[in-house]
Structures are given as structure tokens and as C-alpha cells.
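Student: Model the structure of this input:
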Amino acid sequence: MTVVKSTLPDDARRIAGDALQDTLVDMLGLSLIGKQAHWNIVGPRFRSIHLQLDEVVSTARGFADTVAERAAALGVAPDGRPETVAARFQLPGPKEGWVRDTDVVQVMVEALEEAIRRLRERIEATEKPDPVTQDLLIAVTGELEKQRWMFDAENWPRD
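Tutor: Numbers count the residues shown, from 1 in each chain. Here you go, the predicted model:
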């Protein structure tokens with residue numbers, strides 16, 4: 001059932017809707033990864049990374065809302081239910097329990113890199129069907145690249 005009539009043709013709406021749904025799952029999952037690490041980080045860089053994780057969580061949650069509202073505007077019902085996120089989430093995350101600060105940095109770099117890789121595929125897929133959705137995905141990617149850079153800078157100096 002479509003409650004909201006889309007301004008896009010059906011094929012374009014399907015492509016954009018799939019890209020937005022997958023991004024919604026990634027953003028919700030990324031916010032959970034960030035909070036899990038935030039609660040369990042230990043080590044000498046605890047405070048700075050603890051605060052940086054909150055920034056990632058806030059960013060991911062904000063984009064989740066924006067992405068879901070874009071999907072709704074296109075007549076695609078966004079699905080952020082826990083069971084949907086659990087079934088479809090594919091980004092790496094921290095191990096259970098306390099996590100050393102250096103390991104948190106590494107897992108955040110890896111999770112952000114994978115999210116960015118997946119977003120770039122969606123950017124390419126939405127170029128022709130829906131440039132507005134593509135523009136949103138580009139904005140999400142730019143912010144996640146900034147966050148990845150900030151975590152990666154924590155790895156300096158490299159061995």
C-alpha cells in the first residue's frame with residue numbers, strides 16, 4: 001500500500017527507496033556501534049574518544065531521521081524496527097565487554113569505511129533515478145568521511 005504518492009516513476013522510486021532503506025539501517029546500526037563503544041571504552045584516551053563517539057552517534061541518528069523522512073516523502077515506508085536493523089545490518093562492530101581505546105578507534109575506522117563504501121555504491125545507483133536522493137547520500141558520505149578521518153588520526157603515529 002502506498003499512502004504517499006511519489007513524484008518519481010515506480011522504477012526510480014524503488015531504486016531510491018532501496019538505497020534509503022539500506023542507509024537507514026546503516027545509520028541506526030552505526031549509532032548503536034558508537035554507543036556500545038562509548039559505554040565500554042577503556043584506556044588512556046578514554047575521555048577524548050568517549051566524546052568523539054557521541055559525535056558519531058548524534059550524526060548517525062540525525063542522518064537516520066533525514067534519510068527516513070526522504071523515503072517517506074517518496075512514498076516508501078521506512079523500516080527502522082529493531083528486527084529489521086538486526087537482520088540487515090552488515091557493518092563491523094566492537095566485541096562484547098570492555099574495549100581498549102585503540103581497538104575502539106580501529107573498529108570505528110573500519111565501520112565508517114564500510115558505511116562509506118556502501119554509500120558510494122548507492123550514490124552511483126541513484127545518480128539517474130533520483131538526483132535528490134543522491135545529493136542526500138553524498139552529504140551523508142561527506143560527514144562520515146570526516147568522522148573516519150578524525151578516528152583515523154587517532155592512529156598516529158603508525159608503527
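Student: show me where this structure has helices.
Tutor: Here the chain has its helices, by DSSP state H, at 10-40, 46-73, 82-88, 101-126, 131-153.
Student: would you list those helices in CSV and tack on mean neighbour count, mean pLDDT and distance to residue 94?
Tutor: Bear in mind the C-beta positions are built from the backbone N, C-alpha and C, glycine included. Shown next, in CSV, are the helices of the chain (neighbours: other Cβ atoms under 10 Å; pLDDT from 0 to 100; distance: least, Cβ to Cβ, whole Å):
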stretch, mean neighbour count, mean pLDDT, distance to residue 94
helix 10-40, 21, 97, 5
helix 46-73, 18, 97, 10
helix 82-88, 12, 96, 16
helix 101-126, 19, 97, 5
helix 131-153, 18, 97, 13
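Student: Just send those back as JSON lines, with distance to residue 4 too.
Tutor: Formatted as JSON lines, the helices of the chain follow (distance: least, Cβ to Cβ, whole Å):
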{"stretch": "helix 10-40", "distance to residue 4": "10"}
{"stretch": "helix 46-73", "distance to residue 4": "6"}
{"stretch": "helix 82-88", "distance to residue 4": "20"}
{"stretch": "helix 101-126", "distance to residue 4": "19"}
{"stretch": "helix 131-153", "distance to residue 4": "15"}
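Student: wait, which of those is closest to residue 95?
Tutor: Proximity to residue 95 (Cβ to Cβ) singles out helix 101-126 among the helices of the chain, at 7.7 Å.
Student: How about the contacts made by residue 78?
Tutor: 20-21, 24, 67-69, 71-72 (Cβ atoms under 8 Å, 6 or more residues apart in numbering).
Student: So of the residues you listed, which two are at opposite extremes in space?
Tutor: 21 and 69 (12.8 Å).
Student: Give me the contacts around stretch 102-120.
Tutor: For stretch 102-120, contacts defined as Cβ under 8 Å, 6+ apart pick out 22-23, 26, 30, 33-34, 37, 41, 43, 45, 49, 53, 56, 90-95, 99, 137, 140-141, 144-145, 147-148, 151-152, 154-155.
Student: With that, I have no additional questions.
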